[in-house]
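# I would like to see how this sequence folds:
(one chain, ligands or ions: 1)
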Amino acid sequence: MRTGMARTLGWLAIALWVNLAGAAPELTVNAQIRERAEIRDDRDFTAAAADNSRKVYHRMRLGLNYKPNARWEMAVQGQDSRAWDGQGGNAAQNGLEVQEAWVRANGLVADRVDLIAGRQALSYGNQRLIGAFEWNNVARRFDAIKAVYHGPGWQLDAFGAALGSSPGTGTSSGAFYGLYATWPKLWNGRMEGYALWNNDHASAAKSYVTLGARRTQPVGKWRYDIEAAVQVGDVTAYAAAMEGGRKLGSFDLSAGFCTASGDSTPGVAGGHQTTFQNLYPTNHLHYGYMDFQAWRNLHNVFAKAKAPIGRIASAEVWYNAFWLNNSKDFWYNASGAPNRTSGGGTFRDPTGAAGSEVGQELDLIASLRAGPYLDLQAGYGHFWAGSFIGRINRGLGLSSSGADFVYFQATGHY
Ligand SMILES: [Ca+2]
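Next up, the predicted model:
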């Protein structure tokens, strides 16, 4: 008995020693301080009512990451997010909270499976449906359990999740389950396929599955990125995005088209829903820097040009044109909620008579890496109101004007 225990302890000690000898324990610290000043004028698309805002967004993060050996990894990160407006007001946002707290076990089940449990970021594909939304001051984290299966030439992620730290997205915050398969090198490109189930009967009576696929491939100096998804269940909807691009000297040029279905009688009260649900995206990457548009009820044409300036800076120009897919549905902003008129109404004409021509946006962005620990970025965006916005405002007895957006952002990171 005693010999047995001694032997067991001996083997444990050897296993521990081998384990530790395999990879030295690693403890790293990460920190970020990000400040962004924003000026927005006429988000309501009329100069007749003052809604100009000046805000400073502040976010501070401090985290620890510990890898005792190759198998285990754990991380914890705290975040403080606040917003100040120019009038001395203070919107606390989420304040101090736990942004990440997870444990990861690598190489389980014959070295095929990794398991990650706890508060974590989920980010897939081009973040059109699932992303960390880092542009947002609070950003998005899930309380999730995720298993990653490594097959030969492909990978399957399976997760069960609920929103953790989040600014709120207009998407219901119930249970979210996903299967996401990735083939990093298939037919000279990358292939992804997914099945995602949202189940939230408590709030908006929504249970639906999103089935989709993404394909991206470089072809010489050219490249393309195509994604399409359908939703079935309490929602019947579709969305697609196509982008093509190429290098031209030091310029990177791209252009594309996005679409997503709408609904003549949107919302739960309108019966069966056909407005595409945007899930948990990083829309800031896709539909203009002013965040007026979601991947919902739209047709969108865009063109981008990006060029480096010297070795540490870059400039980007981005043009977007937007139309409603269904002229009787809302015009949805990047958070997934309807855009608001002056007086707090929504940009929607239930009769469809206001048409579908929403408007056009132009963004100019300049980025500078000011050192190993400091990134600077400045941007300007203008949105020209189209005939849809004009007619909605006319219905309110208001003239229309364009909207403007200016920001300056400094990010210190370690
Ligand atoms: Ca205004």
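# what mean pLDDT would you report for stretch 294-303?
On average, the pLDDT along stretch 294-303 is 98.
# which parts of the stretch 1-150 of the chain sit against the ion?
Asp42, Asp44, Ala49, Asp51 (CB under 5 Å from the ion). C-beta here means a position set from N, CA and C on the backbone, and glycine is covered the same way.
# low pLDDT regions in the protein?
Along the chain, the model assigns pLDDT under 70 to residues 1-23, 86-92, 168-173, 201-205.
# what about the longest strand in it?
Using DSSP state E to define each element, the chain has its longest strand at strand 90-107.
# can you show me the strands along the stretch 301-414 of the chain?
For the stretch 301-414 of the chain, the strands defined by DSSP state E, counting those that start in this stretch cover 313-323, 357-371, 374-385, 403-413.
# check which residues of the longest strand of the chain are buried.
For strand 90-107, burial by neighbour count (16 or more other CB atoms under 10 Å) applies to Gln93, Asn94, Gln99, Glu100, Ala101, Trp102, Arg104, Asn106.
# what lines up beside that strand in the sheet?
Applying DSSP bridges to the sheet, strand 90-107 is found paired with strand 72-85 (antiparallel), strand 113-120 (antiparallel).
# re earlier: out of the residues of the stretch 1-150 of the chain next to the ion, which is most surrounded?
Within these, most neighbours by other CB atoms under 10 Å means Asp44, with 26 neighbours.
# if I pick the most centrally placed residue in the chain, what's in contact with it?
Centroid check for the chain by CA atoms, centre = their mean gives Thr282 as the closest residue, at 1.6 Å. Applying CB atoms under 8 Å, 6 or more residues apart in numbering to Thr282 gives the contacts Ser123, Gln127, Gly131, Ala132, Phe133, Glu134, Trp135.
# tell me the phi and psi of it?
Main-chain torsions, Thr282, degrees, to the nearest 10: phi -110, psi 80.
# mind listing the helices for the protein?
Chain-ordered helices for the chain, with DSSP state H as the definition, fall at 2-22, 108-111, 387-395.
# other residues contacting the shortest one?
Where contact means CB under 8 Å, 6+ apart, the residues beyond helix 108-111 that reach it are Asp114, Leu115, His150.
# go ahead and build a ChimeraX selection from the buried members of those residues.
In ChimeraX, a selection of the buried entries from the contacts of helix 108-111 looks like this (16+ other CB under 10 Å):
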select :114
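# can you put the contacts of helix 108-111 in a markdown table and add distance to Thr274?
Converted to a markdown table, these look like this (distance: CB to CB, whole Å):
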| residue | distance to Thr274 |
| --- | --- |
| Asp114 | 38 |
| Leu115 | 37 |
| His150 | 38 |
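# between the contacts of helix 108-111, which is closest to Ala370?
Using CB to CB, Asp114 is the member of those that sits closest to Ala370, with 36.2 Å.
# so that closest one makes contact with Ile145?
No - assessed by CB atoms under 8 Å, Asp114 is found out of contact with Ile145, at 11.8 Å.
# ok, Trp183 to the ion distance?
Distance from Trp183 to the ion, counting by CB to the ion, to the nearest Å: 49 Å.
# returning to that earlier point: chain center to the longest strand of the chain: distance?
Relative to its chain's centre, strand 90-107 lies at 16 Å (CA atoms, centre = their mean, to the nearest Å).
# what's across from Lys306 in the sheet?
With DSSP bridges as the rule, Lys306 is bridged to Asp252, Glu316.
# ranges for the strands of the stretch 101-250 of the chain?
With DSSP E, counting those that start in this stretch, the ranges of strands along the stretch 101-250 of the chain come out as 113-120, 142-151, 154-163, 175-186, 189-200, 206-219, 222-233, 237-248.
# of the contacts of Thr282, which is the nearest to the ion?
The ion has its nearest neighbour among the contacts of Thr282 in Trp135, at 23.5 Å by CB to the ion.
# which residues does Asn126 contact?
By CB under 8 Å, 6+ apart, the residues touching Asn126 are Arg214, Asp225, Glu227, Ala241, Leu285, His286.
# nearest spatial neighbour of Asn30, skipping sequence neighbours?
With sequence-adjacent residues excluded and distances taken as CB to CB, 6 or more residues apart in numbering, Asn30 is closest to Gly63, at 4.5 Å.
# phi, psi for the residue in the stretch 51-200 of the chain positioned nearest to the ion please.
The minimum distance from the stretch 51-200 of the chain to the ion, using CB to the ion, falls at Asp51 (4.2 Å). With angles defined as degrees, to the nearest 10, Asp51 sits at phi -140, psi 30.
# phi, psi for the closest residue to it other than its chain neighbours please.
Leaving aside its sequence neighbours, Asp51 sits nearest to Asp44 (CB to CB, 6+ apart; 4.9 Å). Phi and psi for Asp44, reported as degrees, to the nearest 10, are phi -90, psi 0.
# please tell me how far Asp44 sits from Tyr287.
19 Å (CB to CB, to the nearest Å).
# likewise Val56?
Val56 is 25 Å from Tyr287, where distance means CB to CB.
# and those two? which has more neighbours close in?
Neighbour comparison, Val56 and Tyr287: the larger count goes to Tyr287, with 26 against 15 (by other CB under 10 Å).
# can you count the residues close to the spatially closest residue to Val138 that is not a sequence neighbour?
Counting by CB to CB, 6+ apart, Val138 lies nearest to Pro167, which is 4.1 Å off, once chain neighbours are set aside. Counted with other CB under 10 Å, residues neighbouring Pro167 total 15.
# thanks again, I'm all set now.
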